[in-house]
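A.B. asks: Test case, fold it:
(chains A, B, C, D, E, F, G and H)
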Number of protein chains: 8
Amino acid sequence: MIILTGWRARLGILIPSVNKTMEPEFYKMAPRGVSVHTARMTQKIDTIEELLKMSDYAPKAASDLADAEVDCIAYGCTSGSLLGGPGFNEKLLASIKQVTNIPAITTSMAVVAALKELEIRNVCIATPYHDDINVKEKEFLEYHGFKVLNIKGLSCNGPETADVSVKLVYTHAKGAFRTGSDALFMSCTDMRSLDIIQALEFDLGKPVVSSNTATMWMMLKKVGIGEPIEGFGQLLSRPRIDGKL
Amino acid sequence: MIILTGWRARLGILIPSVNKTMEPEFYKMAPRGVSVHTARMTQKIDTIEELLKMSDYAPKAASDLADAEVDCIAYGCTSGSLLGGPGFNEKLLASIKQVTNIPAITTSMAVVAALKELEIRNVCIATPYHDDINVKEKEFLEYHGFKVLNIKGLSCNGPETADVSVKLVYTHAKGAFRTGSDALFMSCTDMRSLDIIQALEFDLGKPVVSSNTATMWMMLKKVGIGEPIEGFGQLLSRPRIDGKL
Amino acid sequence: MIILTGWRARLGILIPSVNKTMEPEFYKMAPRGVSVHTARMTQKIDTIEELLKMSDYAPKAASDLADAEVDCIAYGCTSGSLLGGPGFNEKLLASIKQVTNIPAITTSMAVVAALKELEIRNVCIATPYHDDINVKEKEFLEYHGFKVLNIKGLSCNGPETADVSVKLVYTHAKGAFRTGSDALFMSCTDMRSLDIIQALEFDLGKPVVSSNTATMWMMLKKVGIGEPIEGFGQLLSRPRIDGKL
Amino acid sequence: MIILTGWRARLGILIPSVNKTMEPEFYKMAPRGVSVHTARMTQKIDTIEELLKMSDYAPKAASDLADAEVDCIAYGCTSGSLLGGPGFNEKLLASIKQVTNIPAITTSMAVVAALKELEIRNVCIATPYHDDINVKEKEFLEYHGFKVLNIKGLSCNGPETADVSVKLVYTHAKGAFRTGSDALFMSCTDMRSLDIIQALEFDLGKPVVSSNTATMWMMLKKVGIGEPIEGFGQLLSRPRIDGKL
Amino acid sequence: MIILTGWRARLGILIPSVNKTMEPEFYKMAPRGVSVHTARMTQKIDTIEELLKMSDYAPKAASDLADAEVDCIAYGCTSGSLLGGPGFNEKLLASIKQVTNIPAITTSMAVVAALKELEIRNVCIATPYHDDINVKEKEFLEYHGFKVLNIKGLSCNGPETADVSVKLVYTHAKGAFRTGSDALFMSCTDMRSLDIIQALEFDLGKPVVSSNTATMWMMLKKVGIGEPIEGFGQLLSRPRIDGKL
Amino acid sequence: MIILTGWRARLGILIPSVNKTMEPEFYKMAPRGVSVHTARMTQKIDTIEELLKMSDYAPKAASDLADAEVDCIAYGCTSGSLLGGPGFNEKLLASIKQVTNIPAITTSMAVVAALKELEIRNVCIATPYHDDINVKEKEFLEYHGFKVLNIKGLSCNGPETADVSVKLVYTHAKGAFRTGSDALFMSCTDMRSLDIIQALEFDLGKPVVSSNTATMWMMLKKVGIGEPIEGFGQLLSRPRIDGKL
Amino acid sequence: MIILTGWRARLGILIPSVNKTMEPEFYKMAPRGVSVHTARMTQKIDTIEELLKMSDYAPKAASDLADAEVDCIAYGCTSGSLLGGPGFNEKLLASIKQVTNIPAITTSMAVVAALKELEIRNVCIATPYHDDINVKEKEFLEYHGFKVLNIKGLSCNGPETADVSVKLVYTHAKGAFRTGSDALFMSCTDMRSLDIIQALEFDLGKPVVSSNTATMWMMLKKVGIGEPIEGFGQLLSRPRIDGKL
Amino acid sequence: MIILTGWRARLGILIPSVNKTMEPEFYKMAPRGVSVHTARMTQKIDTIEELLKMSDYAPKAASDLADAEVDCIAYGCTSGSLLGGPGFNEKLLASIKQVTNIPAITTSMAVVAALKELEIRNVCIATPYHDDINVKEKEFLEYHGFKVLNIKGLSCNGPETADVSVKLVYTHAKGAFRTGSDALFMSCTDMRSLDIIQALEFDLGKPVVSSNTATMWMMLKKVGIGEPIEGFGQLLSRPRIDGKL
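C.D. replies: Got it, this is the predicted structure:
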């Protein structure tokens, strides 16, 4: 490995303070020369109210990441970036842009882009959420043109999300899938799914996208890193930059 | 690798917002089962004033890390934890303890403990700092009973610290060393030195400790992780837990 | 490797008490996240009478496997599941279903399904059996629509089957093959053949299926594990789940 | 690897029907040339009554293993072999000997022998059991001359034991340990601990023995396999056969 | 590796005395059986005058390489072989031929041939040079039929060229690239680029050629070494010898 | 590796007593499960007379190999099997068959078959021989329908053949090749060429066959070993057994 | 590996024509730069008479090996070199010396030297022989000062020796061992034991020497190859050349 | 590997123009972060006269290396630095110092220092030289206090030195060694010996030093690189920097 940490790009992630999964999963996915930097936004529990309020912390946190001269900033929360309804993503980006001059995305934007990249129409969704959030997530994806065949949650409250066992995440994912679906989406940057995505793709015979793979994929596209990443599903292993290579 | 990220311990680091090095170096050192989580404290430039002011952000940042249920918190800044003079480290820990109930350390405390662990008396120091900070650092270590044979800085202002080239860090480190010294200390959690510590130990024939290896070492001791870590100098590769293994 | 043994699936095998081969061969083939669990049915010697009587022990053994919460149960004996003639496989499955609610298969069913998967019409068979069992096996496969070009046994009595040397199994397999055959089937879950299947496929230029690869293949299909398994012949290395991967 | 499965030894284990852990952990530990074979004894739930009744199934199960010509048989249950009090282990062995002529051991015998091998006096114990069983286990070990500084259970009922997460087993183990203890014993052949024993030995600075490592160790000694096994704690990695190698 | 150093070919490079990069990069690229030998021509600073004067040292240096019985000689300097305008390359080759009978090339000739091999029409160029040299380089490539969409320098004076950091070279390369370009050319045998060519090809989606990869490629072609070299861009990894392999 | 040496096939080679190369090259090429066994025929120097006389020792040597129960016997000498002119190969085989009942081939037969397998028409030949033998070799190959564009020898007398350096063999091979040739044949089982065949195929862009690769290839075909052998040229790496694999 | 096969030494072995094991075992043990060359002596069956008569073929076979310029010759047969009683080894060497000027040894000499090297006094022996040969072997070793605690044979007739299964050789070896023995000797260059020597040393806790390891060890000593060979027992892994390395 | 070529040190070697071995052997030995740079001095043939005259080219060549900012310069020729008798080495260093300010050594100085480091008194020497040079070399080493038990040459004229085969160098080295010698010295930077030094140390049981290992060792000591280099003899693998590591 080339020693200059972040010689190719520095990725900045804004994450809910409760989140224990996005940082290690991002370090596992990062190609050589790409470093990951974090700032936290206070969010202790998965209520719609608290998830929306979290966005107040974004400008200060984004400004802190700008001090680290990151090349791109992600608002790293799925539900937190879609619960506000149409136009909310744009508001989040604007609030970040106000304090930094750095390209930014949100996880829910990344999920939409990733599913379109894979030419998905029908999708099933496995989440750790309570049903009130699931309803919103379904609306959000249908608003963006996807047909949601099934969405299923685990009714987690937040702090325990990262500790759901691999066996349960795997079983939950398979249980949420329906014949006729073009893909499975595993929602939430705090639900540990990175290490089983490859297995799930083999076992479902369809692409599997998680909040974290979608966010990483869109950030890399944004900063112009085309190197395929193997081992975490077909979204990340396909060519990311157009060209005749 | 066992998938449950952080099954053994979760380490929380409070870092200056300008810092680009501590996160990737911590992920490189972390033994299996140990995850690393970050919160940022605003600090844009390496003046004594700004470094001291940064501590105001510690309680909020520590509280955010507590939401991620970390097992230990480090105030990850060398100069920022020693510039306040005797008693300052204790004040920092108290301010963290007030908002969380989690064991905490600071980098400058860790450096003192690490040098004592290695039974160092005479030490040379390579830093990226201006001389006003170097003077304070020398006082701090001498206050704790070490003889500082030499201290040499690079007069960085902060944002460029992480981009100092490996060749320059290596040359700087060798240039700061004096015969008769028991060890070299490479100060600053933002100066990239992790990948050359092993080479420097071979080339100087003495232990080399950096702010990041000292901080990692003390956090692991605190949370009871005894597994030796190879490749980053003798501090981390020696047994950390007493016992007859 | 992900530590949660059996996080993806638990396979339960009912095996003749005399069998020494099926357990280690199943552990060699199992993909990550799949564990194997055994219950024994008393059968000491390879007579048609004793092989048929063995089925009396199936319900109790299946019930014991159900206690281990397996996801699928296999009646792991080739001759023992075909000697009863048409309808016998169905009877076995019914007796297992009576005591558990777990999907079940038999080895002889799996062999038929595997040969069909590979679109085999003409087949040669190498067995460790006496000729009375070979006659029954030929009838069974012809009943299911295959043309058996040749079947050849080793006249083992049971306990010594697992100790037949690799050299002899290899030579026996090649000797049983006839030009014009689409595949070779190596019958008996107790005849050690797993480690030479790849070599035989190279040397015969045709697919080679054993009782154990067929049983593993059908169980994985049943529990929805699509990951290809390399090194044990083309049956296991081909995609197992339909999809556009 | 030498292909003749079991050319060096065949190990036979009698396990509770509910057990999902002993088979995969034994296959992980087995040195080359050693195969593992299983027979189940009905036990669905971890009550003292049912654990004692399980021994009725031992003779039939042992006889089935004898058909597979195993070189040693283990009664693979910790509590199940100690709840009967002094003399119970001997009764179990006698009942097995009656139907086979094969050397046999029990898990609780193996634990006593392993702790003596390591010259342990004071021990702490982590179990998945309810307290009524813990009391019996403490009595058993004290009867054999050990001082039990602490014993702590998880109050599992049986079926869920194998699914306790790695994080919880690790935390439970560390929580059960007391300063002054010479070792930690992790009781129960169904509690997944094999993959963290090495980490625990580093982190406690003391030997860690589990029911499964103790049972494997004693069986290998019994059948004369001296090859050290690395990665599962110091009990298995030390020389097992006396000699001047 | 076969021990007879240079059993397949010996490559001789004439390099500017200031150059610190061409020797190690050539040793990294050399396929087994190919050795590299150097002679220096005095050139201390990157002025057009000094670069032209350097050619006076070529005959003596070439004669020294001939003593080492090399199979091919390269005039290893990009600007130094193109600043003389049309006909200068031919003059350089003639002066080498006068003292040796060994096939010779120049770096600027190799660059033209390499870009033609890849069927490039439009090209962007990243250099370490001042603008007066960039102007000449643009003219040279356009004289040979390429369209230069952009050329960008770093205004190095010579001695510091080899110490430009990887991060800066990478950023410089990406900054010099324009949409519509068929390739990127990284000019100068002393600018360290070998280790990032692969990354740049992924990130630009187009072939990337450096002065050193072009020179190595043409020398290998000249001496008849067809073995593909992996890891340094598509120029070196494509078949180099016509044939039906 | 499977331990039973020769479980798949035993190859017997009759070699000139002076030969030092065929045994180690055969052991390098042998796929798993294939052993090699040697018997020597007295031949001390490379004169046509002595090479022809060597065949008198074949029957006794073949009989010795038969005692080792080999599956195929090769008369391992190129010139020695072609100098006798048309019909000589057949005489050699007959003399071997008289004392054993084992399939046999000769090296010169194998060369003809290998070149035909690769659909070669025009061929160049590099040998270690004096010209009188080269003339005979050319006649032999032209008798079998090939056009020999060039044949070139090294005028070795026999004992020194095996010590010709790799550099010289490589240079000799390239020097013997002519444009328009479909392949290069490196004649003589005692000339060390195995380790450079792959390099030569890259550098000539055409198939390269040696006496030893041709002999190994034909023996494997004869005994039904279809496994591709990588690293020694395309003859051995192509499928050897017809089939739909 | 360095390509010049036999650049360090060439070993010549005279083997019984029936032998199928010594050649592959010697190629497995040979350190880099050492090649092995064979000549056969007719011996079809393991009778004392035929084994003694075999020595008539030694001079011709040794002369053939001398043509290959070997550095040392071994009479590669244990019983064949000891059945002739005291003085027979010397006669064999004299007959070889008469036709060549090359250092020579016999297997039975090598066994005596190897056991002395390991300072063995009491030894047990496992052989494939009938008892008449075992009696002679015991006498031979006792004549040389060893105490033979036990010797046990398999009553093989010769041709089947090489096919005895690994499991049987292993069991036979352990069965021949007696407490109080300093080592186990596995007699016969044709009995496959090389791959289990390491396992046996672990399982017996004592050095294990075979006819083939002893012969290789003495030949290497003779030709001055001191490099330790790992994986085949302690005889070959200990330093072979005196010196202060 | 860390990408900044030469971040730890740049080594400059002045070599005879005829030399083909020192460059590749230096690149093989160089530890990470160390680059090698060459300048040639004209010397076409190994006569005493020409070897002495070569020193006239040293100042210009050294000046060229200084342009590459090397940290140390070696006059890379054994005989060329000792033929001038006492005081000649000093003259060479003075002439280099006159044009550069860089630490310098010569190969013959390095050999003396290396043999003293290993505490050698009696030494044997293998060279490629004619006897007139051997006589001078013996005098030189005896002048420095060593006892030369034997010195033996190959009578090479220069250009062919690098092509002497490995087998011949190995045999020559062993042939030059005498019992009672503390080490073997292989003289000449152009004689390929690096890859067999390890083998020779095993086979002679004594340290083996070559001109190239001695030169590399002294240069690394000079520039303060203490990292042990494995695989080329004990001189380079021992600690090079004093300290308590």
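A.B. asks: I'd like to know how far residue A:135 sits from chain G.
C.D. replies: 63 Å (C-beta to the nearest C-beta, to the nearest Å). All C-beta atoms are positioned from the backbone trio N, CA, C, and that covers glycine.
A.B. asks: Show me what counts as buried in stretch A:147-165.
C.D. replies: A:148-154, A:156, A:158-159, A:161-165 (16 or more other C-beta atoms under 10 Å in any protein chain shown).
A.B. asks: Check stretch A:70-85 too.
C.D. replies: A:70-84.
A.B. asks: Can you pick out the most distant pair from those residues?
C.D. replies: Farthest pair in the buried residues of stretch A:70-85 (C-beta to C-beta) is A:71 and A:83. Separation: 27.7 Å.
A.B. asks: Any idea which residue of chain A lies closest to chain D?
C.D. replies: Nearest to chain D in chain A, going by C-beta to the nearest C-beta, is residue A:165, at a distance of 5.0 Å.
A.B. asks: centroid residue for chain A?
C.D. replies: residue A:211 (2.7 Å; C-alpha atoms, centre = their mean).
A.B. asks: That residue contacts residue A:187, correct?
C.D. replies: Yes. If you go by C-beta atoms under 8 Å, residue A:211 and residue A:187 touch, sitting 5.7 Å apart.
A.B. asks: In terms of pLDDT, where does residue A:166 sit?
C.D. replies: On the pLDDT scale, residue A:166 is placed at 89.
A.B. asks: ok, it - how many residues close by?
C.D. replies: 23 (other C-beta atoms under 10 Å in any protein chain shown).
A.B. asks: Would you mind measuring from it to residue A:35?
C.D. replies: To residue A:35, residue A:166 is 27 Å away according to C-beta to C-beta, to the nearest Å.
A.B. asks: low pLDDT regions in chain A?
C.D. replies: Applying pLDDT under 70 to chain A flags the ranges A:1-4, A:242-245.
A.B. asks: quick one, strands of it?
C.D. replies: Taking DSSP state E, the strands of chain A run over residues A:9-16, A:34-41, A:72-75, A:104-106, A:122-126, A:147-152, A:183-186, A:208-210.
A.B. asks: Which among those strands is found nearest to residue B:13?
C.D. replies: When those are compared by C-beta to C-beta, strand A:34-41 sits nearest residue B:13, at 9.5 Å.
A.B. asks: Can I get that closest one in CSV, CA atoms only?
C.D. replies: Extracted C-alpha coordinates of strand A:34-41, given in CSV (Å, rounded to 0.1, in the frame of the first residue of the first chain):
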residue,chain,number,x,y,z
VAL,A,34,-8.7,6.7,0.0
SER,A,35,-9.1,7.7,3.6
VAL,A,36,-12.3,8.2,5.6
HIS,A,37,-13.1,11.0,8.1
THR,A,38,-16.0,11.3,10.4
ALA,A,39,-18.1,14.0,12.1
ARG,A,40,-21.0,13.1,14.4
MET,A,41,-24.5,14.6,14.5
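A.B. asks: What is that strand packed up against?
C.D. replies: strand A:9-16, helix A:22-29, helix A:58-67, helix B:22-29, strand B:34-41, helix B:58-67 (3 or more C-beta pairs under 8 Å, 6 or more residues apart in numbering or on different chains; DSSP states H and E).
A.B. asks: Burial check on the residue nearest to residue A:110 when sequence neighbours are not counted, number of neighbours?
C.D. replies: Among residues not flanking residue A:110 along the chain, residue A:218 sits closest, at 3.8 Å (C-beta to C-beta, 6 or more residues apart in numbering or on different chains). Residue A:218: 24 surrounding residues under other C-beta under 10 Å.
A.B. asks: separation between residue A:218 and residue A:160?
C.D. replies: The spacing between residue A:218 and residue A:160, counted by C-beta to C-beta, is 28 Å.
A.B. asks: neighbours of the residue in chain A that chain C sits nearest to, just the number please.
C.D. replies: Proximity of chain A to chain C (C-beta to the nearest C-beta) peaks at residue A:205, 2.1 Å away. Per other C-beta under 10 Å, the neighbour tally for residue A:205 reads 17.
A.B. asks: That one against residue C:226, yeah?
C.D. replies: Yes. Residue A:205 is within contact range of residue C:226, at 5.8 Å (criterion: C-beta under 8 Å).
A.B. asks: which residues touch residue A:48?
C.D. replies: The contact partners of residue A:48, by C-beta atoms under 8 Å, 6 or more residues apart in numbering or on different chains, come to A:83, A:132, A:133, A:136.
A.B. asks: looking at the residues you listed, which has the most residues close by?
C.D. replies: Counting neighbours by other C-beta under 10 Å, residue A:133 leads the contacts of residue A:48 with 25 neighbours.
A.B. asks: residue contacts, it?
C.D. replies: Counting by C-beta under 8 Å, 6+ apart, residue A:133 makes contact with A:46, A:48, A:51, A:79, A:83, A:127, A:153.
A.B. asks: make it 6 Å
C.D. replies: By C-beta atoms under 6 Å, 6 or more residues apart in numbering or on different chains, the contact list for residue A:133 reads residue A:79.
A.B. asks: That one and chain E, how far apart?
C.D. replies: Residue A:133 sits at a distance of 37 Å from chain E (criterion: C-beta to the nearest C-beta).
A.B. asks: show me what contacts residue A:109?
C.D. replies: Residue A:109 sits next to residue A:89 when contact means C-beta under 6 Å, 6+ apart.
A.B. asks: can you list the residues of chain A near chain C?
C.D. replies: Applying C-beta under 6 Å from any C-beta of the partner chain, one finds that chain A approaches chain C through A:166, A:167, A:170, A:202, A:203, A:205, A:206.
A.B. asks: Neighbours of residue A:104, how many?
C.D. replies: A total of 24 residues lie near residue A:104 under the criterion other C-beta under 10 Å.
A.B. asks: how about the helices in chain A?
C.D. replies: Here chain A has its helices, by DSSP state H, at A:22-29, A:48-53, A:58-67, A:88-99, A:107-117, A:131-143, A:166-176, A:197-204, A:211-223, A:234-237.
A.B. asks: Bridge partners for residue A:186, pull those for me.
C.D. replies: Counting by DSSP bridges, residue A:186 is bridged to residue A:126, residue A:210.
A.B. asks: what about it, neighbour count?
C.D. replies: By other C-beta under 10 Å, the residues close to residue A:186 number 29.
A.B. asks: go on, the one 3 residues further on?
C.D. replies: Other residues near residue A:189 number 28, with proximity taken as other C-beta under 10 Å.
A.B. asks: Tell me the spacing between it and residue F:117.
C.D. replies: From residue A:189 across to residue F:117, the span is 58 Å (C-beta to C-beta).
A.B. asks: Residue A:89 now?
C.D. replies: Distance, residue A:89 to residue F:117, using C-beta to C-beta: 64 Å.
A.B. asks: Which of these two has more residues huddled nearby?
C.D. replies: Per other C-beta under 10 Å, whichever of residue A:89 and residue F:117 has more neighbours is residue A:89, with 20 against 17.
A.B. asks: what are the phi and psi values for residue A:205?
C.D. replies: Geometry field for residue A:205 lists phi and psi as phi 70, psi 20, criterion degrees, to the nearest 10.
A.B. asks: Excluding chain neighbours, give the residue nearest to residue A:79 in space.
C.D. replies: Per C-beta to C-beta, 6+ apart, closest to residue A:79 is residue A:133, 5.1 Å.
A.B. asks: for stretch A:216-233, which positions count as buried?
C.D. replies: For stretch A:216-233, a neighbour-count test (16+ other C-beta under 10 Å) marks A:216-227, A:229, A:232-233 as buried.
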